[in-house]
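K.L.:
starting from these lines, generate the structure:
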Amino acid sequence: MATGMEQFLQVFFEETDEHLATLELLLIGLDLDQPDAETLNGIFRAAHSIKGSSGMFGFDDLTAVTHELETLLDRIRCGQTALHVDMIGAFLEARDVLQRLLDAHRSQVPDPDVPVAATVERLRAWLAAPAAATADAPSGLFEDAPAATETSASDEDFGFFDDAPGMPGASATGAASDDDFGFFDDAPGAPDARPVEPYGLFDKAPGAPATSAPVAASEAPKAAPTVAKATAAPRADSESSSIRVSVEKIDSLINLVGELVITQAMLSQLSEDLDPAHFERLQQALAQLEHNTRDLQESVMSIRMLPISFIFSRFPRLVHDTSARLGKQVELILQGEHTELDKSVIEKLSDPLTHIVRNSIDHGIETPAERLAAGKPAQGSVKLAASHQGGSVVVEISDDGRGLSRERILAKAREKGLPVHDGMTDAEVWQLIFMPGFSTAEAVTELSGRGVGMDVVRRNIQAMGGRIDIDSAPGMGTRMSIRLPLTLAILDGLIVAVEQVNYVVPLTYIVESLQARADDVRGLAGEESTVIRVRGEYLPLFSLNQLLRIGAEPMPPEQGIVVILESEGRSFALQVDELVGQQQVVIKSLEQNFRRIDGIAGATIMGDGSVALILDVDALPRLAAQGESTHERS
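P.N.:
Purely as a prediction, here's the structure:
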């Protein structure tokens, strides 16, 4: 447990991460033609907060960069300096330098390659440039901006370690003078102060390139910036109504609640044999216990819930940088940022989303010339949307680009020797892009073309108990839908039995269950495979006890129950002995407590104390294929 200064440092690191995220989001969404005064104030406050907090802990390198950044931002928001498109690039580079410095201080491993001095000099070059007349500022921009001498009045809202409000000797820029605090006698001063080196822990790297003065506004062409239709929520002063708790404590609480759920289920099952006439009050108490346990479980699980904006907020910068590198114009649209997901799911979702968005820009969105020739606007769009659907969260990544080419994908699949045919449905063809090493890119670039990534994307999503589907139309665009459980700790499942042993099938894979008729089940000539006809469509039929190699020969399909499942764009049927019921179960890792078993994703403890295995639905068709090949060899 962190104690003393370590505890305050942890708060500083967390809050600075938040300020840097806010800084990046506001900079990306800034309208250069008509910059919003409140947005500029928010950018200034983020830099000001980082400066005050880093100075308190003696992180002089962070203080040096944010001092220059804060001064320049204050001049811009007060109309003393005109905002230029190249400034956004300088601000974003300074933000990246601050992030690297913060990470280095957090890990206590110096990074000598951080260009602190070059960044400060670049910002000072903008400060040394001729100041723009206030009258040249966009009309109405600074009408509501606070007076320069009054800017410190709202500093108490900036964060945990901000400069105290109303300190005497505030500078003309609105930030309190460092010398008045008595902490930073040696901190770098205003632009006309002595040379900035050294800064403390991270000095200028040897051979750092010299930074030239900024290009005048009349000399540099104005690039079309990437637009993010999302705004950073204003940071509320919530210290009095919230506390910071370590994730380990929350995980421990969730585990205890999980055990309580299991115990409650045991008590409920034991009470079924009691005579209601003699044990009426006991059963009433158990019913109340079940109700309270469910409420407690939902409340505890909500503690780990975070809005998906924690991920979405990273993509404006990603889209901005990637589209600029590829010479494309891309608008990013964000929807459903307040949709909540378990923290563990959010952490694992970041990498798959990043890869898909990059692919959308690289492969999907055309160049401005290609889009104009096709009758489209020069600027393409990528949309990230999240929503709750039933007990799951659906995240959609869509673009209005060229779409997937069925012919190119099939040709590439034949080239790689994959078993494909022209009669495949579009959904089956789209799933081919998830095959390892599969890529339709004509050339290898630093962003794509190596066939590495989409197979990892699907594997990561499946590891979270989710699935990914693709819908695409040539010339119209592509939409990828990711369906995920709300949490990785709790699962809604259908309990099925085979040989009087219970198994759990995740509900997200189930289409329906039915009683098979004998004339609907057919065996394929010369093969061991069996298919079943469901509303005119023949689906592969697998027996669970054969897949897991348990018990004797399976009963005839018409005597059991058939569950129709959908996985990886394909549907198949699974034969079981009976349906036990639907239940919410607490997931336990089988790999951590025992070992990995093919076809099994985890385990849970039932109300009678028995262990039920949770099926890995995506792996079942592969198990069937392995069984058939083994039978052929024998």
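
K.L.:
neighbours of Val85, just the number please.
P.N.:
Counted with other C-beta atoms under 10 Å, the neighbours of Val85 add up to 15. Backbone N, C-alpha and C define where each C-beta goes, glycine included.

K.L.:
make that His278, sorry
P.N.:
Neighbours of His278 using other C-beta under 10 Å come to 8.

K.L.:
where in this structure is pLDDT low?
P.N.:
Residues of the chain meeting the criterion pLDDT under 70: 1-4, 130-241, 390-391, 439-453, 525-528, 551-552, 568-569, 627-634.

K.L.:
just the helices in the stretch 451-600 of the chain please.
P.N.:
454-463, 544-547, 590-593 (DSSP state H, counting those that start in this stretch).

K.L.:
how about the ones you listed, which one is nearest Val116?
P.N.:
Of all the helices of the stretch 451-600 of the chain, the one in closest proximity to Val116, counting by C-beta to C-beta, is helix 454-463 (35.2 Å).

K.L.:
what about that closest one, distance to the chain center?
P.N.:
Centroid displacement of helix 454-463 relative to its chain, using C-alpha atoms, centre = their mean, to the nearest Å, is 14 Å.

K.L.:
need the residues that contact that helix.
P.N.:
Helix 454-463 is contacted from outside by 348, 351-352, 355-356, 359, 433-438, 467-468, 482, 484, 568, 618, using C-beta atoms under 8 Å, 6 or more residues apart in numbering.

K.L.:
in helices only, show me those residues.
P.N.:
348, 351-352, 355-356, 359 (DSSP state H).

K.L.:
which helices and strands does whatever helix or strand Leu410 lives in pack with?
P.N.:
Following DSSP states H and E, one finds Leu410 within helix 406-415. Counting contacts by 3 or more C-beta pairs under 8 Å, 6 or more residues apart in numbering; DSSP states H and E, helix 406-415 is packed against helix 426-430.

K.L.:
what is the helix it packs on packed up against?
P.N.:
helix 406-415, strand 467-473.

K.L.:
buried residues of the shortest one, list them for me.
P.N.:
Put plainly, it is strand 467-473. Buried residues in strand 467-473, counted by 16 or more other C-beta atoms under 10 Å: 467-472.

K.L.:
nearest to Arg549 among the residues you listed?
P.N.:
The closest of the buried residues of strand 467-473, once distances to Arg549 are taken by C-beta to C-beta, is Arg467, at 26.1 Å.

K.L.:
contacts only, for that closest one.
P.N.:
461, 482-483, 508-509, 567-568, 618.

K.L.:
picking up where we left off before, dump the buried residues of strand 467-473 into CSV; add distance to His278 as well.
P.N.:
Formatted as CSV, those follow (distance: C-beta to C-beta, whole Å):
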residue, distance to His278
Arg467, 49
Ile468, 54
Asp469, 54
Ile470, 59
Asp471, 59
Ser472, 64
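
K.L.:
that older thread, out of the contacts of Arg467, who's nearest Arg294?
P.N.:
Nearest member of the contacts of Arg467 to Arg294, counting by C-beta to C-beta, is Thr508, at 20.6 Å.

K.L.:
tell me, what residue is most central in this structure?
P.N.:
Note on the chain: the residue nearest the mean C-alpha position is Ser350, at 3.3 Å, using C-alpha atoms, centre = their mean.

K.L.:
surely it meets Ser313?
P.N.:
No - Ser350 is not in contact with Ser313 according to C-beta atoms under 8 Å; the separation is 11.0 Å.

K.L.:
hmm, Gln297 is touching Leu256, no?
P.N.:
No - counting by C-beta under 8 Å, Leu256 is not a contact partner of Gln297; they are 10.7 Å apart.

K.L.:
and those two? which has more neighbours close in?
P.N.:
Higher neighbour count among Gln297 and Leu256: Gln297, with 20 against 11, using other C-beta under 10 Å.

K.L.:
nearest residue to the more buried one in space, ignoring adjacent ones along the chain?
P.N.:
Val257 (5.4 Å; C-beta to C-beta, 6 or more residues apart in numbering).

K.L.:
wait, a helix at the one you found?
P.N.:
Yes - the assignment for Val257 is a helix, going by DSSP: H, G, I helix; E, B strand; the rest coil.

K.L.:
which residues does it contact?
P.N.:
296-297, 300.

K.L.:
ok, now Leu72?
P.N.:
Applying C-beta under 8 Å, 6+ apart, the residues near Leu72 are 81, 87, 123, 126-127.

K.L.:
how about Tyr509?
P.N.:
Contacts of Tyr509 (C-beta under 8 Å, 6+ apart): 467, 565-567, 617.

K.L.:
can I get the residues you listed in JSON lines with distance to Asp399?
P.N.:
What follows is the contacts of Tyr509, written out as JSON lines (distance: C-beta to C-beta, whole Å):
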{"residue": "Arg467", "distance to Asp399": "20"}
{"residue": "Leu565", "distance to Asp399": "30"}
{"residue": "Glu566", "distance to Asp399": "25"}
{"residue": "Ser567", "distance to Asp399": "25"}
{"residue": "Val617", "distance to Asp399": "29"}
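
K.L.:
nearest to Pro554 among those?
P.N.:
Using C-beta to C-beta, the contacts of Tyr509 come closest to Pro554 at Leu565, 16.8 Å.

K.L.:
surely that closest one touches Leu544?
P.N.:
No - look at Leu565 against Leu544 with C-beta under 8 Å: they stay out of range, at 11.0 Å.

K.L.:
overlap in contacts of these two?
P.N.:
Leu574.

K.L.:
count of neighbours near the nearest residue to Arg517 once chain neighbours are set aside?
P.N.:
In space, Arg517 comes closest to Glu558 once its chain neighbours are excluded; the distance is 6.0 Å by C-beta to C-beta, 6+ apart. As a burial measure, Glu558 scores 13 neighbours (other C-beta under 10 Å).

K.L.:
give the contact list for Glu558.
P.N.:
515-518, 521.

K.L.:
buried only: go through those residues for me.
P.N.:
516, 521.

K.L.:
tell me which of the contacts of Glu558 is nearest to Val116?
P.N.:
Using C-beta to C-beta, those come closest to Val116 at Ala516, 70.6 Å.

K.L.:
contact partners for that closest one?
P.N.:
532, 557-558, 560, 562, 575.

K.L.:
got phi/psi on it?
P.N.:
The phi and psi torsions at Ala516 (degrees, to the nearest 10) take the values phi -80, psi 150.

K.L.:
show me where the stretch 1-150 of the chain has helices.
P.N.:
Using DSSP H, counting those that start in this stretch, helices in the stretch 1-150 of the chain cover 5-28, 37-56, 60-77, 85-107, 116-128.
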